[in-house]
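[1] Curious how this folds, go ahead:
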Amino acid sequence: MSNSAASAALVSFAEHAIVEDDAMVSARERAADLGVDAISPAVGALLSVFAAAGGAKSVVEVGTGAGISGLWLLSGMRPDAVLTTIDSESEYQAAAKIGFQQAGVSSNRTRLINGHALEVLPRLADAAYDLIFIDGDPVDHPRYVIDAVRLLRPGGVVVVNLGDAGYRIPDSEAFDDEAFAAREATRIIAADENLLPVVIPLSGGIVAAAKAFVPEQ
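    Presented below is the predicted three-dimensional model:
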């Protein structure tokens, strides 16, 4: 087997190695009924690991969807943690609430904000969040990233789901709006000296970065 074939096989294994519980399976069914794109189980497991490893207590999610990514985030967050999740579609958030209830998530652990993230994020407190997951409108990802950097505490992590646009980043002939935005979001993260970035080849691509601790002068 060639190296490229072996790499593809490994990614395929990673994408199919995670088994979701009944609440997440039900959430996926609701997502399909609503026509909502949902993260893969592998990406969900990655979010859970980031949340658990950082002892996340305050988390922001851009793009509630049907609640699948929220369930994964909550599964790794501390028992007293709060997930703030933003979406402009009230129907999606209603579906997410059902999923949270079915999973036994206490209502005081979630704060669902119905609105446009570009208007909501500027109102959130600086350096107050441990983890931020960006899975909103792809063309707005660069602007979300800029806000996320401001919102993160030192040691906090921003995770960007590039979606299908991630496949087009290496294609020099891909100039559509989503591909451009994916490149720009990735560039902003890579250019920030206070961020420690990594690209993870799951689904269309995940870009993650930790906010470094800066010594006091």
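[2] Which parts of this protein are helices?
    3-16, 22-34, 41-53, 68-76, 90-102, 117-120, 141-151, 177-191 (DSSP state H).
[3] helices and strands around the biggest strand by length in the chain, which ones?
    Counting residues, the longest strand found in the chain (DSSP state E) is strand 152-161. Helices and strands touching strand 152-161, by 3 or more CB pairs under 8 Å, 6 or more residues apart in numbering; DSSP states H and E, are helix 41-53, strand 129-134, helix 141-151, helix 177-191, strand 206-211. Backbone N, C-alpha and C define where each C-beta goes, glycine included.
[4] Could I have the CA atoms of the last one written out in CSV?
    As requested, the backbone C-alpha atoms of strand 206-211 are provided in CSV (Å, rounded to 0.1, in the frame of the first residue of the first chain):
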residue,chain,number,x,y,z
ILE,A,206,-10.3,21.3,11.0
VAL,A,207,-8.1,24.2,12.0
ALA,A,208,-7.4,24.5,15.8
ALA,A,209,-5.2,26.8,17.8
ALA,A,210,-4.4,27.4,21.4
LYS,A,211,-3.9,30.9,22.8
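[5] tell me the angle it makes with helix 141-151.
    30 degrees (axes from the mean of the first three to the mean of the last three CA atoms, to 10 degrees).
[6] packing partners for strand 206-211?
    The contact analysis (3+ CB pairs under 8 Å, 6+ apart) places strand 206-211 against helix 41-53, strand 152-161, helix 177-191, strand 195-200.
[7] try 10 Å this time
    helix 41-53, strand 129-134, helix 141-151, strand 152-161, helix 177-191, strand 195-200 (3 or more CB pairs under 10 Å, 6 or more residues apart in numbering; DSSP states H and E).
[8] Out of those, which one sits most buried?
    strand 129-134 (a mean of 26; mean count of other CB atoms under 10 Å).
[9] Show the average pLDDT along that strand.
    Across strand 129-134, pLDDT averages out at 98.
[10] If you count contacts, what does that strand end up packed against?
    Counting by 3+ CB pairs under 10 Å, 6+ apart, strand 129-134 packs on helix 41-53, strand 58-62, helix 68-76, strand 82-87, helix 141-151, strand 152-161, strand 206-211.
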